[in-house]
Every structure is written in C-alpha cells, then in structure tokens.
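Visitor: show me the folded form of this:
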Amino acid sequence: MKVSDVYVAGIGTAQTGRVATSEAVERGWWDAQERDRSGLLSVSVAGTTPAPDLAIEAALTALAQSGHAPEQISGVFHTNVHPQGPDGWSAQHYINRHTVNQPVTSVEIHNGCVGFFSALQLATCYLTATPGRTAALLTAADNFGTPAVNRWQASRLFVLADGGGAIVLSRQHGFARILATSAASDPELEERHRAGEKLFPPGLTNGRMLNFEERTERFRQEQAAGSAPGLGDFGSLLLDTAEQTLKEAGVSMGDITKVIHDGFHHDALRIIFLDALNVTEEQGIWEFTRRVGHGGPLDGIRGLEYVWKNGEVGLGDKILLLSGAPGMEAACAVLEIISTP
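Guide: You can find the predicted model right below:
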C-alpha cells in the first residue's frame, strides 16, 4: 500500500528494567547452552506494571513530542498478544481515557507480532478515508510476567520481553514520512502454532501455559507422518512482501540505511529475517535487540525510536521495518527520515 502525506509525529517507549540472561541461568530459569546459543545479553522486564499502563507511559511521551493536542486525535489503536487485564474489559478505552480522553473510536488489534503493522495500515486508511481527521494514537504493550507464560522457555526462537510503545500518526507533520506498508500471509501454516492443542476450551482458560515449542514439535511429527501441510517457505513470503513494499515506496534495497527487525535469537534472526533479504547484522539492529529481547508487536516501535534518537539514521535516510507472526504472516513498512531529534 503506497502511502502519501502520513507522518510519524511522535514516538515513545515505557521505561522498564532489564534482567541479564546470565542471571536467568544462575537462577535456573534458562539453560546455559540455550543462553549461549541465543546471543542475548538481557531482556526487558516490567515487574508488576500492567501492560496498559506501559502503553499509557509511552503514549504520553509520543503525544508530547507530536505537537498535537488531544482533540486532534481521531482514533486510538492498541495492539498486544497477551491478556491486558480483566476478561471482557477494554484496554484500548482505558488507554484513551488516560491519554487523550476523547470520544473517538478505540480499537484493539490482535495479529501477533505483526500487530503494529496491522495497526499502522488500518490507522493510515482511517486517517485518509475522511477529510478532517488529523492524527491517530497507536500503542503496543505486553507484560509476560504472568503464571500463563515462562518467558525463557516458551520458544527456542526468542525470549518474550515486556514493554510499551506508542507513535502518533499525523496528516500534517512528523520526523518520518511513511512511504509504503504491506502484509501477506500463508494461512496453510496456521497449524504450526496450533498443532496438538484443542481449540476449546482455550488453553489459557484451563491453566495451560504458552508453549510454542511443544506445538512446533507436534507439527513436525505430523509432517513426518504426512498428516500436516508442508512447512512452506516463510523466507520467500517475507522477501516478496519486502519487495512489494519497496516497489510501492519507490526505492530499492540498496536505498535502505537501516532494517528494523524482531528481537529474535541470533541464529533465528539470521535464518528467518536477515539472510532472506541479504541484510547484514550491522544494517539491522542486533546490538540493540540482543539487550531487550522480543516484545512482540512492540519491536517495530522501539527499534524505530532507537535508531532515530541515537543518530543511526539521518535526514533523507530510508528505513525498512519488518516482522513475522503466526499465520504465517509477514509485514513490512518503509519510512523516510525528514527531521532529526
């Protein structure tokens, strides 16, 4: 989707602590060999701070930076992957109330780790669909420190990290111009993250913990027995999505200064993301993500904030943001930096 005259006017992330991966090994939370294989140095952990409060903290920073008054915000879009509070409650309206407090639509988006990109696409369409809509608030937040998750062992691809992030999209101004954003999926692979687990009752409601490894192993067994679809090629899906986004943005991979990617383990990051696009670690943000872990849909926001505020991109630089999620789905966006901090 080619985008015109939509900007990132403000960006913010919540302050959280970090737990060193060496401490996780010492405390018996994580296997030493897994820690060494991952390459991670630390992971962001929020203690008992509720995820919506992490979103609010980030949103207030983004709003203050954006130059937009609360009454200029035409919609609130919140994304997450883990429960946010009481069952049946609306986290997105709580975030609205404690940030802009406006009578505008407030939407919660669940699309795994690509949820930020889904929110970005929907909010962009929302702002451009009707004249007079000026800006939108997008937030992402999770706290995985619940009894339903062992953040260290839920997957061999990443460690689940806590945090909150926010951006303000604007039709008027900003530090980055959105050039294009796209997403595509291979729904034949939805079973990869479901295999061996019943749909009803949902596992979270009967005390079952999140365990991607258990399901992935069951999926491999079903494949070997010929009862599950082929693994597919997520790398090709990601590459096609990136190429489509770059084409719509009017740029090539050679024009990209930085690539913002998910906070996966070193080997998974290379195999799933970087190698598929022929991107080097230096062009990516590994030295940042190895210190914070994988925050789900938060990764794109805090990666963008990191490269912009730390001077790793300057005026005119183009950035490619990318992510993958169960589904399987790939999502990308291309931004151009038009203002320095």
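
Visitor: residue 77 touches residue 111, doesn't it?
Guide: No - applying C-beta atoms under 8 Å, one finds residue 77 not in contact with residue 111, separated by 11.5 Å. To be clear about C-beta, it is placed using only N, CA and C from the backbone, and glycine gets the same treatment.

Visitor: the two: who's more crowded?
Guide: residue 77 (26 against 22; other C-beta atoms under 10 Å).

Visitor: and the residue lying closest to residue 158 once chain neighbours are set aside, how far is that from residue 268?
Guide: The shortest distance from residue 158 to any non-neighbouring residue, by C-beta to C-beta, 6 or more residues apart in numbering, is to residue 294 (3.7 Å). Using C-beta to C-beta, to the nearest Å, residue 294 is found at 10 Å from residue 268.

Visitor: give me the common contacts of those two.
Guide: residue 158 (C-beta atoms under 8 Å, 6 or more residues apart in numbering).

Visitor: residues touching residue 308, list them.
Guide: Applying C-beta under 8 Å, 6+ apart, the residues near residue 308 are 11, 175-176, 337, 341.

Visitor: any idea which element it lies in?
Guide: Using DSSP states H and E, residue 308 falls within helix 299-309.

Visitor: how far does that helix sit from its chain's centre?
Guide: 11 Å (C-alpha atoms, centre = their mean, to the nearest Å).

Visitor: right, and the helix or strand after it?
Guide: strand 318-325.

Visitor: partner strands of that next one, with direction?
Guide: Each strand paired with strand 318-325, and its direction, by DSSP bridges: strand 256-260 (parallel), strand 329-337 (antiparallel).

Visitor: could you measure the nearest residue to residue 107 once chain neighbours are set aside against residue 130, distance?
Guide: Nearest non-adjacent residue to residue 107, counting by C-beta to C-beta, 6+ apart: residue 77, 5.2 Å away. Separation of residue 77 from residue 130 (C-beta to C-beta): 16 Å.

Visitor: show me what contacts the residue lying closest to residue 172 once chain neighbours are set aside?
Guide: Nearest residue to residue 172, sequence neighbours excluded (C-beta to C-beta, 6+ apart): residue 134, at 6.4 Å. Listed by C-beta under 8 Å, 6+ apart, the contact partners of residue 134 are 68, 72-74, 127, 170-172.

Visitor: just the ones in strands from those, please.
Guide: Under the assignment DSSP state E, the contacts of residue 134 contribute 73-74, 170 to strands.

Visitor: top of those residues by number of neighbours, please.
Guide: Neighbour-wise, the ones in strands among the contacts of residue 134 (other C-beta under 10 Å) top out at residue 73, 25 neighbours.

Visitor: show me the helices in the stretch 51-200 of the chain, by range?
Guide: Applying DSSP state H, counting those that start in this stretch to the stretch 51-200 of the chain gives helices spanning 51-66, 91-97, 115-129.

Visitor: residue 20: which of those helices is closest?
Guide: helix 51-66 (20.7 Å; C-beta to C-beta).

Visitor: list the contacts of the closest one.
Guide: Contacts for helix 51-66 (C-beta under 8 Å, 6+ apart): 9-16, 46, 70, 73, 78, 80, 82, 84-85, 91, 94-95, 98-100, 135, 137, 139-143, 162-168, 170, 174, 301.

Visitor: tell me which residues of that helix are tucked away?
Guide: For helix 51-66, a neighbour-count test (16 or more other C-beta atoms under 10 Å) marks 51-63, 65-66 as buried.

Visitor: and for stretch 261-269?
Guide: Within stretch 261-269, the residues scored as buried using 16+ other C-beta under 10 Å are 261-266, 268-269.

Visitor: could you do stretch 37-52 as well?
Guide: Buried, per 16+ other C-beta under 10 Å, within stretch 37-52: 38-40, 42-46, 49-52.

Visitor: what residue is smack in the middle of this structure?
Guide: residue 297 (2.1 Å; C-alpha atoms, centre = their mean).

Visitor: what confidence value was assigned to that one?
Guide: Residue 297 is assigned a pLDDT of 97 by the prediction.

Visitor: number the residues from 21 up from this point.
Guide: That works, and once the first residue is 21, the last one we named lands at residue 317.

Visitor: which residues are in contact with the residue nearest to it when sequence neighbours are not counted?
Guide: Residue nearest to residue 317 in three dimensions, not counting chain neighbours: residue 135, with 3.6 Å by C-beta to C-beta, 6+ apart. Residue 135 is in contact with 99-101, 129, 160, 316-317, 345, counting by C-beta under 8 Å, 6+ apart.

Visitor: alright, that wraps it up for me.
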